[in-house]
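1. coords below, sequence missing:
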């Protein structure tokens, strides 16, 4: 359903070209400092039209808060955030009213529900992720108060790849270029590639990497709600996401146990650490206090600017025409979405881990 | 928590060396033919000691049914399945009572709960997956009645890889070799590699691929509980799983949209199909009627037969000795687990999709 | 949390004197005819200021729909409904900022959350029930399409009681008087009593009875989520509700089994019925096709227009002054709330009962 | 479904005459002292055949623990408890195989599921409550460690009523008589009445009152999951329960606000208390630190020892013969069930209330 999280729980609503999109956040603890500006900043990172390599759709994505906050502090009651849709241009979409666009959700929604709001993809549009980013910004404010920080970045676009380990990267570089890659040289190549793809009226995929620092040991629930499983679900719920791996990931399958095991040691202050971190900060589904890191694969956006053969609702042949606005590559705008979903996951698991032992309840 | 699924819902219990492990299945529709033999068959595929490339621990894994079945048919009430533990040999594990084994869950459980049943990993042991396989075998019987089938197989061990597309493979070959790979030549190489690794007292990782056929269009729930997100969570909840991808997966990120889009066409009988299936049978998070396929990455097992440096509960240096029994490679036994988790996911989504439209309720 | 229902699921938000209140409805099947007018009609039955025996607070309670509806039909995506608050008069409430009003939620919210939005009771105000009534009106439209109808009415105010069995009452009389009692003579006495209580600057309690007709047999889930248990929870979640009984209720405890059992018989058309209905339409927690009926007890409203001794946040003695606006008796306005919660419960159980048997899934 | 609770969560399974009944408890914090003896004691209070006024069915109801406990302490993993059925005497029930017993769940289960285990009522039998009592005994051990205690007792049987307020009763008297009424004189009358009813081959209803002491302020969640709503659902989920009221209950509807409000005051040690407790320890759905008290109405048991007219599965007239064993009055055995459900509810709400404020998470 349209709810994510169990204890820190959000419910999003809204269609691409409906009146508004929004989210309610339930279970946020009382007493968290609340800044609407910080939410707007995150939305600005996701919004369309921010650079030449994103869609030119115009949406201010101004967020309002309707409830759950009093005198700049959360009250423990549901926080409702609302974003009005501005650029509704419904006429743009009449040409796809009865046609199923290839690799979009038109056909599956139609089959599932019998009816669908075809305007701009309706509910299946990635516009819904704005509501997630808004909610994620609240989760971030909660977790910031607990010393937890999030850094997502573009690590691959097509064949261009940042090969350095995350620990050698300078995260302060991420927002310095429009593709959100901390390696300036690679960023330039990526931008060039995306621009070329855009000129080809085509699209291309990529990978977003994410590092979460400051997560205490003990988050994650055996046996099904492992931290990695919840993070994986969160990422795979983002539009266009096709894969998720954490720690050593797929490459780790080629290693031997003797190479892969992370040896424990004790720091001088008594902190228990591991010498390597192929576990990606998660062991047995539970955080171990090391950095959590993972990768998320995004396919090329299905909307391309060339005509494609398809069928209509009656099964007759039809052409999907390549007009309108589109993102040639989704990953630069996916960066804040990945962070938001990570923050929402960690916030939820933080609260769920708060009652593991009798002594936590006293 | 220890529950998976929302409408077809299982709850597992039991520790590796406790008295028993088991599962309750809630929400299975009434009227499903129930065969205890079929459950036992699946358990036999997972059980230890089945071949030279698996652990030599001895467990019969005989399953009993305690409730929810009457005259060989499910009644709609909870189905409880129980497996008694036989080979408890607790003394084997006294040497790890106070030591944290590298890349195991010892440290994280200890930190999270304060106490832990250290015998054989307790709850964190992959022994818990026997309960999942038992439950999955019930889900399979339910889905078989709906025309849905599951085929998982080992597609990679270390560097040895089946490179053919799944559609060219003969699934009837899978169970003909002990590594469960449908390519007989590759299977032989994999077995050889695993056997070498075993002799080296080491372990190695691998990949399990899975194909689900016969799934009708319409399964999966926007926006968070997409079919791919639920499948991903299911797989990532399996011990040692480090990654998940479906359809074109990580490789798909390198493609352009014009290469990646799956064109629709109509078959002579009116069925709507796609010419290619890079979507992996899922579009917009909802099944489209094509085969669903995905890959699951497993790291090398953390238990190796050599001594490793580590620390104890007090943070002092300690040695984890390399004795006991172990799986040199987990993927052959993971095959039925992957199928079970896939079946449990599809069963749940099948029921959840049963009330999408008003006309389904009349 | 702020969510009700499992499959037909609502989440409400908003404080009494915040910017807006609202609700998202998730899980409403696609294809249900949607009328905003019908929602407004239900809200008008609940709104303040509708008669001399209700509070004189002025709120138009105009409802807007933000999502989930396309061309006057539900689409299966979340339906968001919004009501802006108009009469915010925050200054009215500064006098209770630091004082705990007797038998209100001031003290418990303060203790639970540390902070609270004290304006008009904030989240604890019965104003939140407007969001429930709006959502309930959607549930009613869904259930109307299934042939199910709801009739709640005031059956007691203080000592004045409608003693006739519900089956002899004319439900079309309910809305003909401002107290919503189908017995015109008793209605007059009730209005007189409430008016007297109002002049005394006091309040009084009462009972709302409810009858649900047309519910098919088979709704309700063993063993915890019985239909009566879910209805009971729904009613007890309404502000000021102190008790719930269904069928023979508390009075039934005085009967013998031989008097209480409802004998089955078969109608000429083959329908299975019971001769009596002390079961209240529910047996073993599952509807049996007879009318469902129950009673809900409401205490006298805690806000009275006389000064009361109390304490402030520091525990010091303080006086709660009796000024402002209040409802002398809550039951007339509770009638649409009871119907709404009943509709939401039945809608949820209807969907949950849609997958009980294998043959329902084919 | 067959799960109760959100964070302290139980799932029961088993039919009256199946092989076993049982329960898994998920979410119990680690570190709670675990006594199997205490669980058995509670089961002995519920078991059949314990006195002349209960059914003479013979069941030892011996409980075993299968998981979740290590060295007499809970580990945070699921606790599975199992009770084998002994007195299965299936032949006793062949006479009801095809007949619907009046006011039982035979007809509704048959309609809902298509099939049913008719032996002794199958899943709809009150035998299932043994699993709840076992789980409740674990919840009690958890809550005992938090200073919370439970006292349920029989306050009414038919017309015989304990009229004193709970606060004047001596709870140590409850277990001194077989009807579990703290007023010895009334207990004698109740026993006499039940014995007479038994000789008449009939049954009679009654009321169980319950007092929970030591509950801290702050438990219960606005707006739907109020403590009173969750308690109400818990009680209404018990077989034969027809009504629930807390605090002033139905009688409170006759009072005026000026009589009903509970005035706050501060004790010398600074504790905030109320002078009266018509609120029943719950205000705005949240506990306020006073005793929580409520009443639960039980109808006369439907199984009576006289022949009754009914119908069979085909709708033909049939006679339900009055033979077998039965409880003439359910309330003495309901006492431990009410306590168990209260304990399970409070345990769940205790954990859910553990993350209300940011400062609880640090």
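-> Ah, there it is. Here the structure is a predicted model, which means the values were calculated and not measured.
2. so the residue in chain A sticking out farthest from the centre versus chain D, what's the distance?
-> Distance to the chain centre peaks in chain A at residue A:268, reaching 37.2 Å (criterion: Cα atoms, centre = their mean). The gap separating residue A:268 from chain D is 25 Å, by Cβ to the nearest Cβ, to the nearest Å. To be clear about C-beta, it is placed using only N, CA and C from the backbone, and glycine gets the same treatment.
3. next one: that residue from chain B, what distance?
-> 11 Å.
4. tell me which residues of the helix or strand containing residue A:38 are tucked away?
-> Using DSSP states H and E, residue A:38 maps to helix A:36-46. Buried residues in helix A:36-46, counted by 16 or more other Cβ atoms under 10 Å in any protein chain shown: A:36, A:39-40, A:42-43, A:45-46.
5. and the longest helix seen in chain A with chain D, contact?
-> If you go by DSSP state H, chain A has its longest helix at helix A:331-352. Yes - counting by Cβ under 8 Å from any Cβ of the partner chain, contacts between helix A:331-352 and chain D involve A:350-351.
6. who are the packing partners of that helix?
-> In this structure, helix A:331-352 packs against strand A:3-4, helix A:36-46, helix A:129-144, strand A:149-157, strand A:206-213, helix A:227-236, strand A:292-298, with contacts taken as 3 or more Cβ pairs under 8 Å, 6 or more residues apart in numbering or on different chains; DSSP states H and E.
7. what's the angle from the second one to helix A:129-144?
-> Counting by axes from the mean of the first three to the mean of the last three Cα atoms, to 10 degrees, helix A:36-46 lies at 130 degrees to helix A:129-144.
8. helix or strand right after helix A:36-46?
-> Using DSSP H and E, the helix or strand that follows helix A:36-46 in sequence is strand A:63-67.
9. for the first one, same thing?
-> Sequence-wise, the next helix or strand downstream of strand A:3-4 (DSSP H and E) is strand A:9-13.
10. so which bits of that following strand are buried?
-> For strand A:9-13, a neighbour-count test (16+ other Cβ under 10 Å) marks A:9-13 as buried.
11. next one: stretch A:155-164
-> A:155-158, A:160-162.
12. residue C:198: which of those residues is nearest?
-> For the buried residues of stretch A:155-164, the residue nearest residue C:198 by Cβ to Cβ is residue A:155; the value is 69.1 Å.
13. not including adjacent chain positions, what is the nearest residue to the closest one?
-> Nearest residue to residue A:155, sequence neighbours excluded (Cβ to Cβ, 6 or more residues apart in numbering or on different chains): residue A:209, at 4.1 Å.
14. can you check the pLDDT for the one you found?
-> For residue A:209, the model assigns a pLDDT of 98.
15. contacting residues around residue A:76?
-> Residues in contact with residue A:76 (Cβ atoms under 8 Å, 6 or more residues apart in numbering or on different chains) are A:28-30, A:68, C:112-113, C:115, D:356-357.
16. and if we set it to 7 Å?
-> Taking Cβ atoms under 7 Å, 6 or more residues apart in numbering or on different chains, we find residue A:76 in contact with A:29-30, C:113, D:356.
17. so what's the residue count around the closest residue to it other than its chain neighbours?
-> Closest residue to residue A:76 in three dimensions, ignoring its sequence neighbours and counting by Cβ to Cβ, 6+ apart: residue A:30, at 3.5 Å. Per other Cβ atoms under 10 Å in any protein chain shown, the neighbour tally for residue A:30 reads 23.
18. beta partners for residue A:30?
-> Bridge pairing for residue A:30 (DSSP bridges) gives the partners residue D:357.
19. OK, contacts around it?
-> Shown in contact with residue A:30 (Cβ under 7 Å, 6+ apart): A:74-76, C:113-115, D:356-358.
20. just the pLDDT for it.
-> For residue A:30, pLDDT reads 98.
21. and what of residue A:90?
-> 56.
22. now do the one 5 residues further on
-> pLDDT, the model's per-residue confidence, is 73 for residue A:95.
23. hang on, it in a strand?
-> No - under DSSP: H, G, I helix; E, B strand; the rest coil, residue A:95 falls outside any strand and is assigned helix.
24. surely it is in contact with residue A:319?
-> No - using Cβ atoms under 7 Å, residue A:95 is not in contact with residue A:319, being 9.7 Å away.
25. any idea how far residue D:354 is from residue A:355?
-> Using Cβ to Cβ, to the nearest Å, one obtains 5 Å as the distance from residue A:355 to residue D:354.
26. tell me which of these two has more neighbours.
-> Shown here are residue A:355 and residue D:354; by other Cβ under 10 Å, residue A:355 has more neighbours (24 against 20).
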